[in-house]
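**Q** Using only what follows, build the 3D model:
(chains A and B)
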There are 2 protein chains.
Amino acid sequence: MNIRAVTQDDFEHIWPIFRDIAAAGETYAYPRDINHEQARQLWLELPRKTFVAEEGGRILGTYYIKTNQAGPGSHVCNCGYMVSAAARGRGVARAMCEHSQQVARELGYQAMQFNFVASSNEGAVRLWARLGFATVGRLPRAFNHPRLGYVDALVMYKWLAD
Amino acid sequence: MNIRAVTQDDFEHIWPIFRDIAAAGETYAYPRDINHEQARQLWLELPRKTFVAEEGGRILGTYYIKTNQAGPGSHVCNCGYMVSAAARGRGVARAMCEHSQQVARELGYQAMQFNFVASSNEGAVRLWARLGFATVGRLPRAFNHPRLGYVDALVMYKWLAD
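**A** Residues are numbered from 1 along each chain as shown, chains lettered A, B, ... in the order given. Sure, this is the predicted structure:
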């Protein structure tokens, strides 16, 4: 698996992954009916950098990194990760999260924050915890899950400085 | 004190308040050197609604309300409040926060979240607590205070439904 910076051409391969994850409504705070251009803006234009994980020319996953809060909060970054349905369970999210922490350090960030992890997304919560992220907040009923209804969302956080 | 919807003309009176609060760097996650147009975009264009508190034709304070997270998080709003230096200690923030909760209910929101309250901003933390907001998260050293250095930022949250 190789992780590299995104190119504009990659978005045609990212879009089906993004669309399916947004449509499911179980993990990301994006409109479930988000369109191609809105998604491209959010994933490629708005962040500071975006990467893809690929193998044999196929995109397995993608992530972005951006500054989480401006001014007095600008030493903390935020990342989002998506893995294609076909590539789940192969350590793609773990590899991207480890890669993103290295990128964050290179960009001079001191910490990384996930703002809105659905507590029902147990696999993600467990993985981030294993990778050193602490649950520093619990937002009561802040995530409206399509099947489970209102569930708590978690704020997870890791100080990166050595 | 009267609280009413903002007009474009109001921004000339909001800008000195905004500029001073951003420049101080003690409470808001905005660039300390934010310019007029960036501030106008953030305060008037990006939010769902913006209000001013006025008395005798003078603007004492201002607040915005917006959706905090899209899609599965869109039932939770976010607000930001600013009070002019001359009008502090007169209950302007309290009046605006109470007004904003009513507006939030009218707009159909179920909850209100403050994402990034500097823990050193003790007056604000105390006021929000009195108005029913719980501290649901503590982000370690996430706020870089110009005098105190890294301090924790708090996430505060209130479920609004009756």
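
**Q** Assign a three-state SS to the residue of chain A found nearest chain B, would you?
**A** For chain A and chain B, the shortest gap (CB to the nearest CB) falls at residue A:137, measuring 2.2 Å. Using the backbone N, CA and C atoms, a C-beta is placed for each residue, glycine as well. Three-state call for residue A:137 (DSSP: H, G, I helix; E, B strand; the rest coil): strand.

**Q** Figure out the helix or strand that the spatially most central residue of chain A lives in.
**A** Nearest to the mean C-alpha position of chain A, by CA atoms, centre = their mean, lies residue A:80 at 1.5 Å. Here residue A:80, judged by DSSP states H and E, is contained in strand A:76-83.

**Q** circling back: does the residue of chain A closest to chain B touch residue B:155 like I think?
**A** Yes - the criterion here is CB atoms under 8 Å, and residue A:137 meets it with residue B:155 at 4.8 Å.

**Q** okay, the spatially closest residue to the residue nearest to the centre of chain A that is not a sequence neighbour: pLDDT?
**A** In space, and not counting its chain neighbours, residue A:80 is closest to residue A:64: 5.5 Å by CB to CB, 6 or more residues apart in numbering or on different chains. With respect to pLDDT, residue A:64 scores 98.

**Q** burial of residue A:64, as a residue count?
**A** Other residues near residue A:64 come to 21 when the count uses other CB atoms under 10 Å in any protein chain shown.

**Q** so what's it bridging to?
**A** Bridge pairing for residue A:64 (DSSP bridges) gives the partners residue A:50, residue A:80.

**Q** check contacts around residue A:44.
**A** A:6, A:8, A:11, A:50 (CB atoms under 8 Å, 6 or more residues apart in numbering or on different chains).

**Q** With respect to pLDDT, which of the residues you listed ranks lowest?
**A** Comparing the contacts of residue A:44 by pLDDT, residue A:8 comes last, at 92.

**Q** Show the backbone phi and psi for the residue lying closest to residue A:73 once chain neighbours are set aside.
**A** The shortest distance from residue A:73 to any non-neighbouring residue, by CB to CB, 6+ apart, is to residue B:29 (4.2 Å). Main-chain dihedrals, residue B:29, degrees, to the nearest 10: phi -90, psi 60.

**Q** Near chain B, which residues of chain A are found?
**A** By the rule CB under 8 Å from any CB of the partner chain, the part of chain A lying against chain B is A:22, A:25-26, A:28-32, A:34, A:69-76, A:110-111, A:113, A:115-116, A:118, A:136-146, A:150, A:153, A:155, A:157, A:159.

**Q** so where's chain A shaky on pLDDT?
**A** For chain A, the stretches with pLDDT under 70 are A:162.

**Q** What are the boundaries of the strands in it?
**A** With DSSP state E, the ranges of strands along chain A come out as A:2-5, A:49-55, A:58-67, A:76-83, A:111-118, A:134-145, A:149-159.

**Q** residue contacts, the residue nearest to residue A:73?
**A** Counted by CB under 8 Å, 6+ apart, residue B:29 has contacts A:69-74, B:116, B:143.

**Q** cool, residue A:102 as well?
**A** Counting by CB under 8 Å, 6+ apart, residue A:102 has no contacts.

**Q** is it true that the residue nearest to the centre of chain A touches residue A:68?
**A** No - judged on CB under 8 Å, residue A:80 makes no contact with residue A:68 at a distance of 11.2 Å.

**Q** thinking again about what came up before, for the residue of chain A closest to chain B, give its distance to residue A:30.
**A** Distance of residue A:137 to residue A:30, given as CB to CB, to the nearest Å: 20 Å.
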